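>>> give me coordinates for this.
(chains A and B)
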Amino acid sequence: MTSQSSSKSGTARTFVPQRTACLLSAVVLGLCFGYDRVAAEPVSREQRARIILLKVDGLAGLLIEAALAPQSDAVLRLPFPGRFREDYRATRALVGREELFPNMKEYFVRQGVRAETIFTGTLPLSAPVWAQIDSGQPSIVKRNYYFNRASGASRVYLNGLFDSAGKLIKGSGRTHALWELDLLGIPILPDAFPPERVWSSLQPLSRKRSAIQLGAMGKFLVRAGQREFRPGAVIHQHLSHLVAYPDHVERLDRSLSLTLAKWLKWRAEGDSSETLDFITALFVTIDHRLHLESSYRSVLHLLVKLDDWFGEVMGAVEQTARRNRTLVAMISDHGMNLYPVHINYGFPINPWLRRPEFGGHTVLSPEVEDSDHALTRPIPGVDFARVYESPESPYGERAPFGSKGYFTAFAANLGNPRFDLFLRHSDLNRLHLLLLDSLRLRNDVEKLDRVFGVFQPVFQRARPWLEADAYSLQQASEVFEAWSERHLAAGMPSARDAGSRLASESRLYRNQAAILRRLLALPVEDAEWRRFVRSGLEIDQVIPRGYFGPPNSLEQLADYPVGWARPASERWSQSGASPFRTLNYPGLIAGYRALNPDAFGNRYPFDFLVAPIPLEDLTARKGPPLRQALWLLASEDRGQAVFLEATDGTLWYAPLKNRGELARLDAAGIAGSRDPLGYPGRLWARWLHPRRWVSETARLETSLVPVILADLFRPNFQDYLSGESRAGVLMPLDGAGRREDLARALRFRFRQATPDFRVWMRHGWNVNTMGQQPGGSHGGFLPLETQTTFMVWGGEEMGLKRGRKVSGAFLTLDIAPTLMDAIGRFDRVSRRIVPDPDHPSGPGFPPFPGRIIPIRQQAEGR
Amino acid sequence: MWMRWLLSGCLAGCLPAGWLSAETVFQQYRPQPLEIRNHPLEVENNSDRPYRFVLSVLGANRAEFVPLLAVVLDPEDSTPRQWIAVWNLGSSSPGFIQRVKAALPFPWWSPRGSAGATVGPIRRLPKPVLTARGRKSGAKGRFVWAAARTVSDFASFFSPGRFALETYRDYRNDLDERQFHQLYALLLLYEEAAALQPSDRNLGLPAIMDLKYTALINREALGIVVSGRSEYWVVDKFETRMREKMGKAAAYLHSRATLQGLRFREVGYGLDGRWPLYRTAVLSICKADLAERPRPWPKNNPFDLGYDPFEHPRVRARMDEHPEEGIPLAYYVLISDFKLRPVIVLNFFKPGNPGRRQDTAVLRNTAENLLSVYGLPLRLQALRYIGSWSLNRKDVTFFSTRSVSSGIEPAKLFARMGWHFDKDTNRLLLRMLDRRTSNPLADSFARQVENARARHQAITRNESGRLGLFIRRVYEDGIRQRLDLGRRSISTEDIARFRRQRALDRALEVIRGFNRQPHLNGITWSRLFQAWDRISAADPQRSRPESRRFLQNLERLYPRSVPEGYRSQVAGWIFPSGPAAQSSAFPAKSTP
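Modelled structure (predicted):
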């Protein structure tokens, strides 16, 4: 071929030896470094492959499998398979199509490739999983809410309307969830491409202001869904919509598919090929609707619509010049546990916490409670955090010298069967109570002395961590302030946004540090303390509002002070007995029986709670070095268990009789214990790789519990702050000393998002402060929730398998490396993304821990 | 009104003796076996071959057949337009006296026949609730009313006549809403019964969907602008919302009951072995559940009991007598126009309370009508608007204009059939459901039962007489309209032409379905080809927009997405000038 072509042109002939040498050297290099390096070489701009990533929130892997093959066994894994098939037939008759999903079937089943089983690599909630998919890294975002124990600040990662408003007003498109990754220097997949070649819809992790999407949505709404602007037709359509109003979320998704179809063909000025290299769009209708109602007929009808939207996009792909170098992936973040007959009842967690028998906590709620009836939330999505006072709070206005705003609990929940509970540190509660009573008794010297007698040891015990926190708060405040000024001076919208976020955190930290310093300065000498109490003690000057302190240990949670044990008149009349009323939270949760059962007749709403165990408690243990240890306590006396994770990532699980056995785990103290998760005995007390664990337990509903818990509780942020410290948006730094300061400040900041423990509910119960979500839910460990979707189609030049289902169990962690590998931009040796030559200033990606799903033909051959 | 309240107080003493325990009284579950009885109907016409229709009657199959819904359908038609006329057998048109009463600006509290009802034999054919010839007649009537009202608003003068009209309009709207929910519940039941007893002579699923769609668009004046083609998404959205509302209200009531220390139990209405169609709930209290320290009874609670059950002396006495048993407090329907709040129907210890809430709604309507006649200054109007918005947002049930018929009417239907409860409780429930029906135009449950019997008799007795004549008229009107025949009589040829035209319509619907698909085809190619053969034979010039679009879409799919066996034929259609033209390049646009 070379000689033929060169013989036609005399000028080309002279280059033959050079080209042959180049080819030879490429082959030699290929042999030396492996095929992958060659595959990863950058290709010319016209030949570059592109990715279209269609994200479908809440599309359960089992559900889509059943829908694509209703006669297959996949249907048997759904509840009521007979009814599913009946409704499938009915939907065919009603929609007037024999094939309900022609586009998905053609592109993903016949021409494409899909993973047979893909699980969420972290908790099956939207923000954590999308963060994991987009970054390809273990979870940094751990829930749908952010809460900071030191400042009391809270945010919702899924508040699309707020994010959009922020984008429009401030100019920066960075969402709250992305800010968490940016702080650690973890880029997301779109960052691997030049910004002008990326198009992203509104989603929990996006960097760019989606003016195009917002504009298109506006246009779509004005035109009432009409493609062309014909005033008569538009008015007619609007009037029709007054009668039969389509769901607004559905309309937005439809407008998104049309926008996407349009922009696929877009060419920037001077660009000979279609410009966009990475297109990502999030469709939210399925998740939104299934949370509210999940009968099969409406589920199938939704999937028909999804197929139509997908068809819209694929129709456009077929018409593009880059069709053969296009990779289209449809993925989902989590599944949906739907049970069409029964509804999910809501467990009112915040009112529950406000009850005296559960602590009488004043709670911080990230959003309004009972949102359907709230006058302050006229538009869904526009909301803010607020404090709900408990009339039983011992620190509230009803208590002598008490005041409003001292919330002591925060439950992170959003319409799903789980929550993370943050409780104020028990010693701080004691100090707060004692200071309030000191004020009450300031004129009663004898009783005041008794108060001091209790105050002194509590204060001494708390002093070390209070001092550490005060120092860390001050230090973090200074570092953030310095960097905020630098960013604000930069003038770029993104830097301005970072600057304002840092400034706001800095202010909060500074304020808390100042109050903590005043607390630490309280006199410790008897007479001086008495004088101080009488002269100038003001509670809000020494106890910061919103400050929770470090997480409580299991011992502290088992003896958690929630008020006084005796009425004021009897409280200090006798010495000896503890004056505090305490609750045993693990015991309370494990034993709580609701008055009304769920739809399955179950009265125990809580399934189990999980809390970390300090590694110091396990120092006597032999075996590999540990990274973390977790304790699981199941309700209804179903037993308890311990999980260990070694530093090499292997997992160890064993049931326990009680927590006292932790010290002698190696002595097989597990015999006779009840296993709350029902794993086979052969897996107990064995070190197993997570993937091995999943394959060994694949048939169990609790298969993924250890894998997900390990990721969820692991402080993954530390990996990005040590070694080759990256420190994201705060880079570059001037000097090595400041780099350490910054890393310390960030470490402190990320530690503040640690809850005391996490609770999962029984199937049939939802935890939702805001309103009621009687339909499906996710956040638990059932296959319907944890099994997600990964289906890919590629043009002829992409070299993908055709009509294949890739067997094996994969994780959402594997999606990012698989996609980048499929377009030849993944270096399998270093496990990093190959930089784009057109984007030299692009961020460096950390190595991907996930593995590559074998969707390419070449990959299978090797 | 005071008299009514006094009466409601007296009702407390009339509660059945056997209602005491929530566990026993409300456990009795007797889903009625439903049956669809299909009667063939032959109707003479001008040809030698009579029309063959089916009269399909849904009823509860007890000792005697209790008819509920009657539909006449064309068994030869499998399209959504299969149905010809529908009768909601329990519901009748209001008489002259009722209409006069409804026009008097006076708050009427009870429905027609609440004091007991007998309906004599009906001689004329009862009026159907929907017919194929007037698919939008309800919407048109509403539109005329709305237009008249707008004109009178512009005139803006006080007129007792207008006040009367407004009052009548309110009662009429309420009646229409009630009849709509009755019909919808019956259609849901028909669908379920048809799934259990499949038959070719039953109304098909697409036709049931079309009936639901037609009922839905007739609820609004603007239904006249909605496309006549039945759209599944409209029905699906309505039913999804309905289930979502019931689920949310159930979850809300459950969580509040749990917090307050009251027992909650869901009572579902559905056929045996099928999923519940409607959800209701029972609230009860048990001495064994009482906390040591009584919880404060919140003023704003969703129970609408009107008293604190923990303090109520009679409740306490009952609890002392039966400390281990649940004492029923109230029964709720879980769907209404309220956002979340369940609608109390039966209050065991304050029986007048649910009816009183309904009375305040009537008073509010009357007051609103009066105010609209007199007019208010702008500032007061603004205040009124804000107040009304806030009360609605908070789901306040006193003086609320939100309709509760979406829950009341299905509950009444099921109670009429004796679906769930023992006789005493059921009787009480029916009485209370009537108390939630403050409309002189509406029928009481007793009258509905009588109506159903008499109307069913009237229809079946007329099988070959008036019914046949009526159906023929409706059917032939459809032929005239479709073939544009004016008012002339229908000949044998017309009937044959109409059958051909109907086949063409069916084919056209297939082609339209194909055209609606954004990309690949989900309709089997053989069906598509049959349909296209028919269309292209009728329209060889391909002048119809559907034909043109069909060919464009085929061209877009050709050749990659057309199965090999069909390619040559498709190529012949889209490239009639020969193989040279067989290239379909799709140049990318430079800008979107």
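>>> now for the longest helix belonging to chain A, which elements pack on it?
Secondary structure of chain A read by DSSP state H shows that its longest helix is helix A:445-490. The helices and strands touching helix A:445-490, judged by 3 or more CB pairs under 8 Å, 6 or more residues apart in numbering or on different chains; DSSP states H and E, are helix A:426-440, helix A:493-520, helix A:526-536, helix A:736-751. (Each C-beta comes from the backbone N, C-alpha and C, glycine too.)
>>> OK, now which residue of the stretch 251-400 of chain B is nearest to chain A?
Relative to chain A, the nearest point of the stretch 251-400 of chain B is residue B:251 (4.0 Å; CB to the nearest CB).
>>> what's the separation between that residue and residue A:370?
12 Å (CB to CB, to the nearest Å).
>>> between those two, which one's more packed in?
Taking neighbours as other CB atoms under 10 Å in any protein chain shown, residue B:251 and residue A:370 compare with residue B:251 leading, 25 against 20.
>>> so what's the more buried one up against?
A:343-346, A:766, A:772-774 (CB atoms under 8 Å, 6 or more residues apart in numbering or on different chains).
>>> picking up where we left off before, isn't there a strand covering the residue of the stretch 251-400 of chain B closest to chain A?
No. Read with DSSP: H, G, I helix; E, B strand; the rest coil, residue B:251 is helix and lies in no strand.
>>> which non-adjacent residue is nearest it?
Spatially, and ignoring its direct neighbours in sequence, residue B:251 is nearest to residue A:772 (4.0 Å; CB to CB, 6 or more residues apart in numbering or on different chains).
>>> who's in contact with the one you found?
A:346, A:372, A:766, B:247-248, B:251-252, B:255, B:340.
>>> for the residues you listed, which one is nearest residue A:49?
Set against residue A:49, the nearest of the contacts of residue A:772 by CB to CB is residue A:766 (42.3 Å).
>>> follow-up on the earlier one: which SS state does the residue nearest to residue B:251 fall under?
Relying on three-state DSSP, one would call residue A:772 coil.
>>> what does residue A:524 give?
Residue A:524 is classified as coil under three-state DSSP.
>>> I'd assumed residue A:455 was in contact with it.
No. If you go by CB atoms under 8 Å, residue A:524 and residue A:455 don't touch, sitting 9.5 Å apart.
>>> phi, psi of residue A:856?
Backbone torsions of residue A:856, given as degrees, to the nearest 10, read phi -90, psi 150.
>>> burial of it, as a residue count?
22.
>>> let me see the contact set for it.
Residue A:856 neighbours (CB under 8 Å, 6+ apart): A:798-801, A:821-822.
>>> same thing but at 6 Å, please
A:799-800 (CB atoms under 6 Å, 6 or more residues apart in numbering or on different chains).
>>> and it, bridged to which residues?
Counting by DSSP bridges, residue A:856 is bridged to residue A:800.
>>> tell me what the host helix or strand of residue A:130 is packed against?
Using DSSP states H and E, residue A:130 maps to helix A:126-135. On a contact count with 3 or more CB pairs under 6 Å, 6 or more residues apart in numbering or on different chains; DSSP states H and E, helix A:126-135 meets helix A:176-183.
>>> what's the helix it packs on in contact with?
With CB under 6 Å, 6+ apart, helix A:176-183 has contacts from A:127, A:131, A:135, A:140-141, A:155, A:157, A:204-205, A:728-729, A:746.
>>> most widely separated two among those residues?
Taking CB to CB, no two of those sit farther apart than A:204 and A:746, at 21.1 Å.
>>> which one's more surrounded, these two?
Remark: of residue A:204 and residue A:746, residue A:204 carries more neighbours, 27 against 24, as counted by other CB under 10 Å.
>>> residue A:133 versus that one, what's the distance?
For residue A:204, the distance to residue A:133 - CB to CB - is 10 Å.
>>> and residue B:571, by the same measure?
Remark: distance between residue B:571 and residue A:133 (CB to CB) = 43 Å.
>>> for the two, indicate the residue with more neighbours.
residue A:133 (28 against 19).
>>> residues contacting the more buried one?
A:812, A:815.
>>> check what pLDDT it gets.
What the model reports for residue A:133 is a pLDDT of 97.
>>> what segments of the stretch 151-300 of chain B are helices?
Under the criterion DSSP state H, counting those that start in this stretch, the stretch 151-300 of chain B contains helices at B:160-196, B:205-217, B:232-260.
>>> just the pLDDT for the residue nearest to residue B:251.
87.
>>> cool, and the one 4 residues further on?
Reading off the per-residue confidence, residue A:776 sits at a pLDDT of 91.
>>> over to the one 5 residues further on?
In this model, residue A:781 is scored at 93, pLDDT.
>>> and the helix holding residue A:130, C-alpha only, in CSV?
Taking C-alpha atoms only, helix A:126-135 is exported to CSV below (Å, rounded to 0.1, in the frame of the first residue of the first chain):
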residue,chain,number,x,y,z
SER,A,126,-27.8,10.2,43.3
ALA,A,127,-25.2,12.7,44.5
PRO,A,128,-22.7,10.0,45.7
VAL,A,129,-23.0,7.8,42.7
TRP,A,130,-22.9,10.5,40.1
ALA,A,131,-19.9,11.9,41.8
GLN,A,132,-18.3,8.5,41.6
ILE,A,133,-19.2,7.9,38.0
ASP,A,134,-18.1,11.3,36.9
SER,A,135,-14.8,11.2,38.7
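>>> residues from the stretch 351-500 of chain B in reach of chain A?
By the rule CB under 6 Å from any CB of the partner chain, the part of the stretch 351-500 of chain B lying against chain A is B:390, B:393-394.
>>> adding secondary structure, write those out as TSV.
Shown next, in TSV, are these (three-state DSSP):
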residue	secondary structure
B:390	helix
B:393	helix
B:394	coil
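>>> any of those buried? List them.
Neighbour counting by 16 or more other CB atoms under 10 Å in any protein chain shown classes residue B:394 among those as buried.
>>> in TSV: the residues of the stretch 351-500 of chain B next to chain A, plus pLDDT.
Formatted as TSV, those follow (pLDDT from 0 to 100):
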residue	pLDDT
B:390	89
B:393	89
B:394	90
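>>> okay if I get the residues of the stretch 351-500 of chain B next to chain A as TSV plus distance to residue A:529?
Output for those, formatted as TSV (distance: CB to CB, whole Å):
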residue	distance to residue A:529
B:390	51
B:393	51
B:394	50
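>>> out of the residues of the stretch 351-500 of chain B next to chain A, which is nearest to residue A:351?
residue B:394 (17.5 Å).
>>> name the nearest residue to the closest one, sequence neighbours excluded.
Closest residue in space to residue B:394, ignoring its immediate chain neighbours: residue A:373 at 5.4 Å, by CB to CB, 6+ apart.
>>> pLDDT score for the one you found?
pLDDT, read off for residue A:373, is 88.
>>> isn't it right up against residue B:396?
No. Using CB atoms under 6 Å, residue A:373 is not in contact with residue B:396; the gap is 9.8 Å.
>>> and those two? Which one has more around it.
In this view residue A:373 and residue B:396 are compared by other CB under 10 Å, and residue A:373 has more residues nearby, 19 against 16.
>>> for burial, what's the neighbour tally of residue 446?
Picked chain A for this. Counted by other CB under 10 Å, the residues lying close to residue A:446 total 9.
>>> um, chain B though
21.
>>> tell me which other helices or strands the helix or strand where it lies touches.
Assigned by DSSP H and E, residue B:446 belongs to helix B:445-461. Packing partners of helix B:445-461 (3+ CB pairs under 6 Å, 6+ apart): strand B:65-73.
>>> mind listing residues that contact the strand it packs on?
B:53-60, B:82-87, B:89, B:186, B:203, B:452, B:456, B:459, B:471.
>>> that concludes my questions; thank you for your assistance.
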